[in-house]
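Visitor: quick check, what structure comes out for this input:
(one chain, ligands or ions: 1)
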Amino acid sequence: MDEHGLEIGALRQTPFFAGLRDEDLESVLVMGRHVHFDAGQSIVEQGDVGDGMYIVLEGKAQVDVGGRYHNLGPGTFFGEMALIRRRKRSATVKAVEPVTALMISAEDFRGFLLEHPAVAVAMLEAVVDRLQEVQERIEAWMG
Ligand code: CMP
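Guide: Next comes the predicted model:
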């Protein structure tokens, strides 16, 4: 399979893009910019102003959530929180192996969600899953 086919495949693995038509997936690819990070490199740093959200195409990144690490592999996304609420980055995300990602700029991100409400809802579901995971951890910690 050529590189383009692999990219479309990686987007399809992303639950919130899975239901998109081919032409919509193409528009995600056109809107996104390929970015590469070496192992150990920070992709976003807690407290920074958010410039974009990222979809992992290859490799593995980790988000440091209060001393625990959440893995982000191909088909997962991160960096959406700062854009949705126009706040600073809530956590640091690092590449733990070389990472290739598609970065969607803050400017394009909202417009895309407004044009594709199904993607917005699916992204919301993923954010709720993350929130619940954090809540369960807090409850377990508090006993
Ligand atoms: P953002 O705040 O823009 O930058 C850091 C990113 O880490 C954040 O968006 C989310 O994508 C991700 N993130 C933050 N907290 C968690 C968490 N508890 N579990 C998984 N990912 C998270």
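
Visitor: my read is E23 is in a helix, agree?
Guide: Yes - under the criterion used here (DSSP: H, G, I helix; E, B strand; the rest coil), E23 sits inside a helix.

Visitor: tell me the centre residue of the protein?
Guide: For the chain, the residue lying nearest the average C-alpha position, counting by C-alpha atoms, centre = their mean, turns out to be F77 (1.6 Å).

Visitor: who are the neighbours in contact with it?
Guide: Contacts were defined as C-beta atoms under 8 Å, 6 or more residues apart in numbering; by that measure F77 touches T14, F16, M53, Y54, I55, V56, M123, A126. To be clear about C-beta, it is placed using only N, CA and C from the backbone, and glycine gets the same treatment.

Visitor: in the sheet, who's paired with it?
Guide: In this entry, F77 is beta-bridged to I55, by DSSP bridges.

Visitor: how near is D51 to P74?
Guide: When distances are taken as C-beta to C-beta, to the nearest Å, D51 and P74 turn out to be 22 Å apart.

Visitor: correction: the previous question concerned R85.
Guide: Spatial separation of R85 from P74 under the definition C-beta to C-beta is 26 Å.

Visitor: which one's more surrounded, these two?
Guide: Higher neighbour count among R85 and P74: P74, with 19 against 10, using other C-beta atoms under 10 Å.

Visitor: pretty sure that one sits against Q13.
Guide: Yes - the criterion here is C-beta atoms under 8 Å, and P74 meets it with Q13 at 6.3 Å.

Visitor: please report phi then psi for Q41.
Guide: Dihedral pair for Q41: phi -80, psi 140, per degrees, to the nearest 10.

Visitor: how close does D24 sit to G40?
Guide: 34 Å.

Visitor: I'd assumed V63 was in contact with V56.
Guide: No - when contacts are counted by C-beta under 8 Å, V56 is not listed as touching V63 (11.3 Å).
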